[in-house]
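**Student:** predicted model follows, preceded by the sequence.
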Amino acid sequence: MGEIWKEIFSGNNLALLGAALATLLAGIGSAKGVNMVAKATAGLISEDPNKFGKAFLLQALPMTQGIYGLVTSFMIIFKMGLLGGGAAQQLTVAQGAYFLVASLPIAFGGLFSAIKQGEVATAGISVLAKRPEATGKAIISASLVETYAIFAVLVSLLLILFA
């Protein structure tokens, strides 16, 4: 039975788990954030379809965290040697655990910041509905939440690049 656990928790599998979590959790956050803003946008454009362009900017903001998670996953997979046609290197458990831990900043940072950015962007849709001239301020407010996703992806990518 011990051999099965060694195979399941191999270095490569731990690294792949990290790659999966980076994409999965950041993607869930992005989907939730975009969904919130999309619902508000649907209500807005049912009243005034001409406001779709500005609303779309707010709606697109929470998508970036999912992209950051995907980039992080690709970097892990690249460092493992799975991209490029060569043979994948066999990672030790410690190396795989390192990549798993390196994925966590963007996995969780992306999850939570995308949801919070969606909440701020949804409030921005209300600004757009009532005061369209202040939409730029709403976009800036929602963009400030992005800062924490950028910090998270920087930490994850630096850990991966310098492994």
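**Tutor:** Noted; the coordinates are in hand.
**Student:** and the gap between Ile125 and Val37?
**Tutor:** Separation of Ile125 from Val37 (C-beta to C-beta, to the nearest Å) stands at 6 Å. Where you see a C-beta, it was placed from the backbone N, CA and C, and this is true even at glycine.
**Student:** ignore what I typed, I meant Ile28.
**Tutor:** On the measure of C-beta to C-beta, Ile28 and Val37 end up 15 Å apart.
**Student:** tell me, what's touching Ile125 and Val37 both at once?
**Tutor:** By C-beta atoms under 8 Å, 6 or more residues apart in numbering, Ile125 and Val37 have these common neighbours: Ala55, Leu58.
**Student:** what strand or helix carries Gln117?
**Tutor:** helix 93-130 (DSSP states H and E).
**Student:** does Tyr3 lie in a helix or a strand, and which?
**Tutor:** If you look again at residue 3, you'll see it is Glu, not Tyr. helix 2-8.
**Student:** any idea of the mean pLDDT for that helix?
**Tutor:** Mean pLDDT, computed over helix 2-8, is 73.
**Student:** now stretch 113-122
**Tutor:** 97.
**Student:** do the same with stretch 139-159
**Tutor:** So the average pLDDT for stretch 139-159 ends up being 96.
**Student:** so what's the residue nearest to Asp48 when sequence neighbours are not counted up against?
**Tutor:** Nearest non-adjacent residue to Asp48, counting by C-beta to C-beta, 6 or more residues apart in numbering: Ala129, 7.7 Å away. For Ala129, the contact set (C-beta under 8 Å, 6+ apart) comprises Leu44, Glu47, Asp48, Lys51.
**Student:** quick one: which two of those are the most distant?
**Tutor:** The span of the contacts of Ala129, defined through C-beta to C-beta, is set by Glu47 and Lys51 at 8.3 Å.
**Student:** any idea which element Ala149 lies in?
**Tutor:** Ala149 belongs to helix 135-161 when assigned by DSSP H and E.
**Student:** how far does that helix sit from the chain's center?
**Tutor:** Here helix 135-161 shows a centroid-to-chain-centroid distance of 10 Å under the convention C-alpha atoms, centre = their mean, to the nearest Å.
**Student:** then stretch 123-141?
**Tutor:** 24 Å.
**Student:** can you give me the end-to-end distance of it?
**Tutor:** Stretch 123-141 stretches 10 Å from its first residue to its last (C-alpha to C-alpha, to the nearest Å).
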